[in-house]
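> sequence and predicted structure, then a few things I'm wondering about:
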Amino acid sequence: MNSEVTGLVDFHCHLDLYPDFEALIQECEEQQVFTLGVTTTPDAWPRNHALTKGTRHVRSALGIHPQLVASRPSEVEAWDRYLPEARYIGEVGLDSGPEHFNTLGAQKDVFAHVLERCARAGAKVLTVHSVRSATAVLDMLEEYAVTNNNRVVFHWFTGSAREAARAAELGCYFSVNEWMFKKESRRAVVAKLPVDRIITETDGPFTKTGDRPARPRDVSSAVDELCQLIRVGRSEMATTIRRNLRTLLTE
Ligand code: MN
């Protein structure tokens, strides 16, 4: 297979929300796209984990999504139950956007619980949502000292350059998608991220490629955008992203 399309990294994709979930896992395997399938509820964990744990390129993350936590408080118990089986955690975090601001208190309670448990367990890799709440997320990461013994990846980071610098200082990574390059102000923040902390994502199926939901292989567009922004060649960028992923998972 062409090396231009193999070895891509999609570190945040909701695989279980596609109608062809199982076929999509197989597609990632065949196309050799290293894919992290995130979940929005711990109830989704057993099936996601069972379908991916024997694969070479696909892993599952144990999630409890900030946009859903308020309506499902009882899910924390299930999340706790599955935590020992999970190396990857997500989607977790905070959302202070207009539609979810009213549940921010409950979101913070759940996220605090998640961080406290991860700090206690160690060796987890978290993919974190931080819509309009990067500073609050950073404050909580520090409060629970989560980055001392875990890795944190900011997914679809939309904070300021200053918040990004603070996250980098804490050792965090950033999973970057194609849609973060659409606005000049956002591109400027991505341009300041440390290149050795950047990996890629699609956040499919919530994003589109053409008129269909993005699939993990479409993460290729994010690589192209990065090449233009940072002015490096395609294979060098792809190699950097794979190296960053390896460092994220082994350091
Ligand atoms: Mn997501």
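Received the coordinates, thanks.

> the helix or strand of the chain with the lowest mean pLDDT pairs with which strands?
When the helices and strands of the chain are scored by mean pLDDT, DSSP states H and E, strand 208-209 comes last with a mean of 94. Strand pairing for strand 208-209, using DSSP bridges, gives strand 212-213 (antiparallel).

> and the partner strand with the ion, contact?
No. Applying CB under 5 Å from the ion, one finds strand 212-213 separated from the ion by no less than 12.5 Å. From N, CA and C alone the C-beta is placed, and that goes for glycine too.

> contacts for that strand, please.
Here strand 212-213 makes contact (CB atoms under 8 Å, 6 or more residues apart in numbering) with 18, 204-207.

> just stretch 61-80 next, same as before
Here stretch 61-80 makes contact (CB under 8 Å, 6+ apart) with 36-45, 82-83, 85-86, 88-95, 99-100, 103, 106-107, 110-111, 113-114, 117, 127, 129.

> near the ion, which residues of the chain?
Within the chain, the positions lying close to the ion (CB under 5 Å from the ion) are 91, 203.

> can you show me the helices along the chain?
21-31, 45-52, 75-82, 104-121, 134-143, 161-169, 184-192, 220-230, 234-250 (DSSP state H).

> show me what the first one is packed against.
Put plainly, it is helix 21-31. The contact analysis (3 or more CB pairs under 8 Å, 6 or more residues apart in numbering; DSSP states H and E) places helix 21-31 against helix 45-52, strand 58-62.

> turn those into a markdown table, including mean pLDDT, mean neighbour count and distance to Ile241.
Compiled in a markdown table, the helices and strands packed on helix 21-31 are given as follows (pLDDT from 0 to 100; neighbours: other CB atoms under 10 Å; distance: least, CB to CB, whole Å):
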| stretch | mean pLDDT | mean neighbour count | distance to Ile241 |
| --- | --- | --- | --- |
| helix 45-52 | 98 | 18 | 21 |
| strand 58-62 | 98 | 25 | 16 |
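
> returning to what we had before: and which of the contacts of strand 212-213 is nearest the ion?
Nearest to the ion, judged by CB to the ion, of the contacts of strand 212-213 is Phe206 at 6.1 Å.

> related to what we said a few turns ago, would you turn the helices and strands packed on helix 21-31 into JSON lines with distance to Trp179?
Formatted as JSON lines, the helices and strands packed on helix 21-31 follow (distance: least, CB to CB, whole Å):
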{"stretch": "helix 45-52", "distance to Trp179": "24"}
{"stretch": "strand 58-62", "distance to Trp179": "20"}
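
> what's the distance between Lys208 and Glu178?
Going from Lys208 to Glu178 by CB to CB, to the nearest Å gives 10 Å.

> likewise Asp43?
Asp43 sits 30 Å away from Glu178, going by CB to CB.

> so which of those two has more stuff around it?
Using other CB atoms under 10 Å, the more surrounded residue of Asp43 and Glu178 is Glu178, with 23 against 14.

> and the gap between the more buried one and Arg132?
21 Å.

> check contacts around the closest residue to Glu225 other than its chain neighbours.
Spatially, and ignoring its direct neighbours in sequence, Glu225 is nearest to Phe181 (4.2 Å; CB to CB, 6 or more residues apart in numbering). The neighbours of Phe181, taking CB under 8 Å, 6+ apart as the test, are 187, 190, 222, 225, 229.
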